[in-house]
Structure formats: structure tokens, C-alpha cells
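1. Predicted structure and sequence below. I'll ask about it afterward.
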Amino acid sequence: MSEFQYDLVIIGAGPGGYEAAYEAADFGMKVALVEKDLVGGTCLNRGCVPTKTMMHSSDAYRIATQSANIGVSAEGVKADLNRIIDRKCEVSETLRDGIMFLLKKKKVDFVAGTAKVTDGHTVEISGNDEVSELTAANIMIATGSEPATPPIPGADLPGVLDSTGLLELRGEIMKDFVIIGGGVIGIEFATIYSDLGTNVTVVEAMDRLLPNMDKELGRSLKMNFKNRGIDTHTNAMVEKIEERNGRLVCFYKEKDKVQEVEADHILVCTGRRPVTKGVFSEELEEKLLGARGFLQVDDCYRTEIPSIYGIGDAIGGTMLAHTATAEGRNAVAIMNGKEPEINMNVVAGCIYTSPEIASVGLTQDEAKEAGIDVITKKFPTSANGKTIIEELDRGFIKLVASKEDHTLLGAQLMCGRATDIIGELAVAIANGLTVEEVANTIHPHPTFVEAVCEAARA
């Protein structure tokens, strides 16, 4: 009989945690999954799923009000923010129910409460004025991340929100909206509220939108936003936020001149920080956390204490739900003496604008920095039949391949269904396919995905 209650205790029931629990149960491990809030984590409750649900509503409103050109007109179309938020909650609840069903089916013990790791095999659980202990052969930290608020004077004023607060905002759809931060979160909310008829201004400190992605994507998105009436300011530093006559005023410096813009609400989305504070005893916290609060792990997801593992946003790196899921599965495999099967070198990133944006593998600049000689192939989706049929804005598919043998190394897309198409290119990169092999695969017509074939043939 084991000296521990569990083979594995997982702290955090987001995509990394609950998928790791499924995987561990399939290995025959006795598993407990601890969560202080709602199952599903940020992705399901405060991130990916809620924003895409809202975007489905805003996109439907945009199409309903802007389709006269294709022979469809409607009067009295109204966007109801309260109903949009209600549906967002309903979708999240449905998916949470599905997770709980699978946890029960796989005999994973779900423990509601706040966890604190006190040593390499013990987790203290507090909740409902009670404290209990769980012991385990292995402990996995999957506590995720949360919005980080920069030290902007006035950022604590009423009406200044982070992404979590914005997802709960009800009432009348705001007239004017300022977004501080032109990364993924900011531009998705810019798309949602612009589609709902709000005047949107995006202020970004770096020299382009999406500063962590291919330069061409950022430039093309800025042009797309301009055509949609979204005002963008890059190389612009926010200096302060003030209240004036019941509204908010954002002051920012651009080209050495201080500008100001008024808004009903201001979203601050300039980054995220790991949720690791308080997860460990003081002694363990000092031993296991880095300077920025990220849990320090090796290539096998182990901390300095071999029985404690870390995955997902808590360890930094690519802070995406599907990355956390893959890391959780790989970590469980390692716990069971198996080689991890998921290739962590090929991780796609998706952005839900209109048209969509997606990227996987190396960009041309990244390949150059790595000393790899590459060729690029590009196809403008303005020449794609399905794009023209659906009246989508200009976009492109760009492929990056080795100059030596034409092996596909990366892809950047801005086109219809980019977030779905990118999976095909991830498979191609992971399996070492050449651009010729992609080009010589018959793609159906008329589709968005046939543009991949055209790009490979370019």
C-alpha cells in the first residue's frame, strides 16, 4: 500500500490541470485536482472561450448590419450586451459541466479549496473555515496567470478595467473605448467592440501592433484596423489616466507630444503574471520561484524538488492554453517513466480578428537570427475565391522554408479561417514536410485552405 493518499495532486483546474488529470487517470494513477475557483481556469472562464463567444455575437451583429452589398438588409437589428454576457456565461457553464463529467468518469477526485504546498509531498487545503492535508507521490503546479497592471497613475479609477472586469461589463454598449496594449488580448477586444459600434482607440508602446509576432502581421493589422475605423497609436507611452466630467481621459505621449483621448471605459492589457504567490510555504517559495514569480523547472517540468512539477503559464514561456495542455500530458508521461510524445517545438498561436491571424514555427527574422538561410513564399488571399465570396479584407499566407532542402520551418497567416488552417501547417512542420510536398497535396476548391497550396506553389 502506498505511503501517500494520491499518486498525483494537481493544483489548478485550467486546461493544463484538468487535461493532466485525465492523462494521469488513464495511466492508472490516483489523482486529486484542487481548484479554488471555477473548473476550467482562465481559458474557460476569463479568457479564450468567453472572448470567442462574445466575438461570435459581435461578428453576427456586424454581418447583420453591413450586408446590404450582398443583397441582405435588415432593420431594427440591436446588439444587447446583457444577453451577450449571459450567453458567454452559458457557454462556459456547459463546458465546465463537460469537464466535471469527465473527471468523475475517470475517477479523479475534485477538491474545492485553496492549496498551499508545504513540502515535496504535502498540500494543505483551506476552505469553508476548514484546513486539511493531502499527501501525494507527485505534485503538479498548474495555477496559470492573471492580468498584470502597470504602474500608470489613475489605473485604479472606476471604469478602468482589466480583461476579467471587461468580460463582466453589462448595460449599454459603450460609445468610446480606449485599450492600452496592442497585443493579442487588446486587439481581440478592439475587434469585438468595434463590431458592436463602439469608437475604439488602441495605444501601444512598441513600434507595431502584435509586437511579439511577424512584423508583416502587425503592419497589415494596423491597415485593417484603419479601414474598420479603429484608431491605433504605436510608439505611444501612456502617462496617466484622469477623470473628467464623469468620463475617463487617457494621456499618452506620441512623437514627443502629449495627446489625450476620452472614453467611457479603459482596458489595461499590457501583460500577465504567474499565479504562484501563496502557492508554497515561504521556505519553498524562496527556493522554487524566480525573480518574476515564475516557477523554475527543467526540461522534464521538474522543480528543484523532483516530486514537484510545474506546467503552463506558471512556468512562463508560451502562455497559451494548448501549450499548458501539452505540457501537462508530457509531464505525466515523464512521471510514469515514459518518453513524452508531444512535440513542444511546434506550437501555433491564434488571434481572432477579422480576418483571423495565426502563426506557427519560425518567422523569417527568427530564422535569420538563428543563422538559417531561408526562402519565403507568399500568396495574397485577395486572389482566393472563398475570400472574395465572403468579402473578407485583404490578407496573406506566408511560408518560411529552409533554402537548402525546402523543409517547411514556419508559417504566418492573416486570412479567413486562419485559426483552423494553421493546424495543417503545424502538422507539416512537425513532420518535416517540404513546401513541394504541401504544394503537391490536392486541396479542395473553393476553400480558404487552398490558399496554402497556392502559397507553397508561389
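-> Thanks, I have the structure now. The structure presented is a predicted model; accordingly, all values stated were derived computationally and were not measured. Numbering: from 1, shown residues only.

2. residues touching the residue nearest to Asp7 when sequence neighbours are not counted, list them.
-> Spatial nearest neighbour of Asp7, chain neighbours left out: Met29 (3.9 Å); criterion: C-beta to C-beta, 6 or more residues apart in numbering. C-beta: built from backbone N, CA, C; applies to glycine. Met29 sits next to Tyr6, Asp7, Leu8, Val332, Met335, Asn336 when contact means C-beta atoms under 8 Å, 6 or more residues apart in numbering.

3. Can you report phi and psi for Met29?
-> phi -80, psi 150 (degrees, to the nearest 10).

4. still on that earlier bit, any idea which of the contacts of Met29 is closest to Ala137?
-> Proximity of the contacts of Met29 to Ala137 (C-beta to C-beta) peaks at Asp7, which lies at 5.2 Å.

5. ok, the closest one - how many residues close by?
-> Asp7 has 19 neighbours, counted by other C-beta atoms under 10 Å.

6. So it sits against Ala32, correct?
-> No - Asp7 is beyond contact range of Ala32, at 9.4 Å (criterion: C-beta atoms under 8 Å).

7. Could you pull out the helices in the stretch 251-400 of the chain for me?
-> 282-288, 321-335, 364-369, 385-389 (DSSP state H, counting those that start in this stretch).

8. shared neighbours, Asp7 and Ala32?
-> With C-beta under 8 Å, 6+ apart as the test, Asp7 and Ala32 both reach Ala136.

9. Out of the helices of the stretch 251-400 of the chain, which is closest to Glu188?
-> Using C-beta to C-beta, the nearest of those to Glu188 is helix 321-335, at 14.2 Å.

10. Quick check: which helices or strands does that closest one pack against?
-> helix 15-26, strand 130-141 (3 or more C-beta pairs under 8 Å, 6 or more residues apart in numbering; DSSP states H and E).

11. list the helices and strands the first one packs on?
-> Judged by 3+ C-beta pairs under 8 Å, 6+ apart, helix 15-26 is in contact with strand 6-11, strand 31-35, helix 41-46, helix 81-105, helix 321-335.

12. again, 10 Å this time
-> strand 6-11, strand 31-35, helix 41-46, helix 81-105, strand 109-112, strand 130-141, helix 321-335 (3 or more C-beta pairs under 10 Å, 6 or more residues apart in numbering; DSSP states H and E).

13. so which of the ones you listed gets nearest Thr441?
-> Across the helices and strands packed on helix 15-26, closest to Thr441 is helix 321-335 (C-beta to C-beta), at 24.3 Å.

14. so how far is that closest one off the chain centroid?
-> Helix 321-335 has its C-alpha centroid displaced from the chain centroid by 17 Å (C-alpha atoms, centre = their mean, to the nearest Å).

15. could you give the angle of it to strand 6-11?
-> Calculated by axes from the mean of the first three to the mean of the last three C-alpha atoms, to 10 degrees, helix 321-335 forms an angle of 160 degrees with strand 6-11.
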